[in-house]
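Asks: Below is the sequence, then the predicted model.
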Amino acid sequence: MSDTSSTSDARTPAQIEAEIKRRRETLAETLDEIGVRVHPKTIVGDAKAKLVSNVDHTLGRAYVGANRFVSDVKGRLVTEDGAPRLERIVPVALVVVGVVGLLAVGSRRRKD
């Protein structure tokens with residue numbers, strides 16, 4: 001069996017003082033770091049950064065979804081060489097004109 005107390009007794013007072021000084025410095029650094037982490041400005045800054053990251057992520061997903069939708073609609077209304085597909089555009093245009101007309105008639109009736 002080894003005796004650990006014999007190794008601590010072999011240290012000189014200067015070595016012990018140096019070890020104490022080193023541990024104090026380490027402890028001071030740790031306390032400074034904790035102080036920075038729990039400071040209200042740090043907490044608010046971290047919360048803002050997380051919120052901005054979440055918003056950026058959500059906007060990015062929305063942009064990708066909208067881009068995918070536009071590409072899908074374009075693929076249905078335009079051929080690969082860029083020519084319009086009239087057999088699909090005309091019915092869509094008629095539906096849009098009809099809906100706008102119904103909305104216009106409905107709003108005129110409400111005003112009267």
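Replies: On my side now, so go ahead.

Asks: Domain-wise, how is the chain divided?
Replies: 12-77, 82-112 (automatic domain parsing).

Asks: and the ones you listed as JSON lines, adding mean neighbour count and mean pLDDT?
Replies: C-beta: built from backbone N, CA, C; applies to glycine. Formatted as JSON lines, the domains of the chain follow (neighbours: other Cβ atoms under 10 Å; pLDDT from 0 to 100):
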{"stretch": "domain 12-77", "mean neighbour count": "10", "mean pLDDT": "93"}
{"stretch": "domain 82-112", "mean neighbour count": "9", "mean pLDDT": "88"}
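
Asks: Just list what the one helix or strand Val70 maps to packs against, helices and strands only.
Replies: Assigned by DSSP states H and E, Val70 falls within helix 40-77. When contacts are defined as 3 or more Cβ pairs under 8 Å, 6 or more residues apart in numbering; DSSP states H and E, helix 40-77 packs onto helix 86-111.

Asks: Check which helices and strands the helix it packs on is in contact with.
Replies: Contact partners of helix 86-111 among helices and strands, from 3+ Cβ pairs under 8 Å, 6+ apart: helix 40-77.
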